[in-house]
Structure formats: structure tokens, C-alpha cells
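Student: 3D model of this:
(one chain, ligands or ions: 1)
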Amino acid sequence: MFSTLVDFFREQIFTLKEGSYPFWLMYRGYVSPLGSLLHARMLRKAKEQFPKGHRKLTTTTYSGVVVTIVSFAYDNYAYIVRKNMDVNQCLIVDCGDGEIIIDILKEFQWDPIAVLTTHKHWDHCYGNAALKVAYPNACFIGGKVDRPSICTRLVSDGEELDLAGILIKVHEVFGHTLGHVVYEINQATTSTDPPIIFTGDTIFVAGIGKTFEGTNEQMVASLDQFKNKFCLGTILFPGHEYARDGLGMANYLNPNHDTVYKAFQKVDAEYLQRIPSVPTTLGDEFTWNPFLRTSQLTDGAVTLISSFLQDCGEKRVCMSGKDNVRRES
Ligand SMILES: [Zn+2]
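Tutor: Prediction:
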């Protein structure tokens, strides 16, 4: 009975129209402690399907820092960041699953100095409680408006942090929630190294987060921040793996754009090999992300996107689906 109720609840939150009373009711429940039960159950079910994560654990050096990409649940990403390959001190970004992160930390004997959370949704902070027990000295950092679970170091726009030898800058990008922040790392070792941003549920590969709390105008203003503040090479690490659906939609909107089509083909092939599609770059997102290039689209496409913003859920980035993707002729 309880399981049925939880599944019903979870389905409703992603399908009800924002702004409606039923949506508001369901959403308030989701962000309450009750929602953590729902998330815990979802994690258990996802582990039956993906016991080692939905994508392969991947560690690569980007712009002067080492980032380990950790997949969990059905499509979430958390990240472990170190100054270089030789150090044990690390930062965690968006720990939605404490168990999987703690297993990795213990396996590699990494020591988390701080846990950064982009926003309050449970799939980004549920694991903070378990991490706090395992690593009581770690600093838990989140936006001052959202106040994600366990976070006691609350930050706001423009704040700079120096943690584990890594320089971090906070940017407020409201829309998905009213307190969503992203974390910029600017640890360039050469003058050409671009910054890195952990974007949470603001920008995905070829998509954006649903405006659960904010308005579309707030989300557009947040996206404009990316346009105005950062270079095209900026490396983006999103909070979810939605690339195949997102690029499917981008291809549907731009059926004659070879770069978009090739990008879709690439993630489609990598999907079966469980290779993460992340990170992406701001330049690539300007090429294919419909929400960053509305001025270049036809009126029909803009109407389609507008209706997406109104009616579709975060998990339904692609209305068109694979069936509408242009095939090789
Ligand atoms: Zn979210």
C-alpha cells in the first residue's frame, strides 16, 4: 500500500502542471522530510537495475582539477573533485546517495573536506546526512535561500571559497528552485584553461531544469548569466544524464543541423556502453541547447519550447522522443 502511494506521488510530481494547486500540494510534500522517504525508495529500486550506477565511474583531469563522475539513481550525477591525482583531500558535489559516495571514498581512501549542494531537492542532498555521520568534520555548503539538508555553511552570490586547495565561486541561478546555486572552479594551470561549473539542475546537455519554484523569466535571467559571465569553452557538469533525450529534441527542432545530429548519434552509441555524456561545454550548448538559442529558432520551435516550459517535467526533456529523430538516409 505504502509503495503504491509513493509511486503515485512520484509520478504526479513530474506530470502535474506547475502553478496548479495539486502540483503545489505534491511539490510541498516532495521537498518535505516525507520526500526523503520517496527518494530513499527510488534509490533502492534504481540499485536493483544499476547496482554500480547507471554510468561507468570515470575520473579525468579538467582545467587543473581532477573530477570523478559518479552516477546514481536512474539518471543523477554526483562529482568528487580533487586538486590533482596525488591528493586524498576532495570535495563532493550534490551527494544524493551517501552510500555510493562513501563506498568510493573508502575504496580510494579519499577524505572529503567539503560537500557542495546546488539545491534542496533530495536527489541532490539526501546523502548529506550519511556523509555527515561518516565524515563529521566535513563542511556542508549550500545556498542560503534553499538551505539544503545538513548544510550549515550557507553561501550567496559572488562568495568565494578556498577548499582542499581549490578555489570556488558561488553563483545564484534561480528558477528551478528559488535558491539554486552553481559552483564555479577556476583552477586554471594555463591561460587557456576554461572554468568549470557544476550546474545542478540549471543546464543539462541540450536541456534545462524544470521551473519548479521560479518563473520562466527567472530561469531565462539565470541562463543569461551563463551567456554573459563565461567563455564558450567553460566546462559544465550537470546534475542529470538527459543527453540522449535532450539531443533528440534538439535534432527534432533542427533537422538539418549536422553537428546536432552527430552529437545525438554519439550519445546514442555511448548510451549502450554506459559512458557518461557529461561534461559538456557552454559553446556546445549554444550550438544545440534549444533553451540557449531561442533567438535562432523558428517561431514554431519557440512555441514548442514555450509549451515545453509550461507543460513538461524535468524528466521529460524530449517531447519528440527517439522516433522523431532524423535517421540516416
Ligand atoms: Zn532539482
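Student: can you check what pLDDT the model gives Glu159?
Tutor: pLDDT for Glu159: 98.
Student: start at 577 instead
Tutor: Done: numbering now begins at 577, and the last item shifts to Glu735.
Student: residues near it, how many?
Tutor: As a burial measure, Glu735 scores 17 neighbours (other CB atoms under 10 Å). Every C-beta, even on glycine, is put in place using the N, C-alpha and C of the backbone.
Student: next, the closest residue to it other than its chain neighbours: secondary structure please.
Tutor: Sequence neighbours aside, Val746 is the residue nearest to Glu735 in space, at 4.5 Å (criterion: CB to CB, 6 or more residues apart in numbering). Under the three-state scheme (DSSP: H, G, I helix; E, B strand; the rest coil), Val746 adopts strand.
Student: before we move on, what about Ile656?
Tutor: Three-state assignment for Ile656 (three-state DSSP): strand.
Student: list the contacts of it.
Tutor: Neighbour list for Ile656: 643-644, 646, 666-669, 677, 680-681, 686, 688 [criterion: CB atoms under 8 Å, 6 or more residues apart in numbering].
Student: who in this structure is up against the ion?
Tutor: Contact residues, the chain versus the ion (CB under 5 Å from the ion): 697, 777.
Student: just the closest residue of the stretch 777-905 of the chain to the ion, please.
Tutor: Asp777 (3.8 Å; CB to the ion).
Student: count of residues packed around that residue?
Tutor: 27.
Student: also Val749?
Tutor: By the criterion of other CB under 10 Å, Val749 has 30 neighbours.
Student: could you find the closest non-adjacent residue to the most centrally placed residue in the chain?
Tutor: Closest to where the C-alpha atoms of the chain average out (CA atoms, centre = their mean) is Gly815, at 1.5 Å. Counting by CB to CB, 6+ apart, Gly815 lies nearest to Gly776, which is 4.6 Å off, once chain neighbours are set aside.
Student: can you pull the phi/psi pair for that neighbour?
Tutor: phi 50, psi -130 (degrees, to the nearest 10).
Student: how much space separates Gly703 from Asp687?
Tutor: Gly703 sits 17 Å away from Asp687, taking CB to CB, to the nearest Å as the criterion.
Student: the more surrounded of these two?
Tutor: Gly703 (29 against 15).
Student: and Asp733, how many neighbours?
Tutor: Using other CB under 10 Å, Asp733 has 14 other residues around it.
Student: again with His747
Tutor: For His747, the count of nearby residues is 21 (other CB under 10 Å).
Student: before we move on, what about His833?
Tutor: His833 has 16 neighbours, counted by other CB under 10 Å.
Student: then Val657?
Tutor: Val657: 27 neighbours (other CB under 10 Å).
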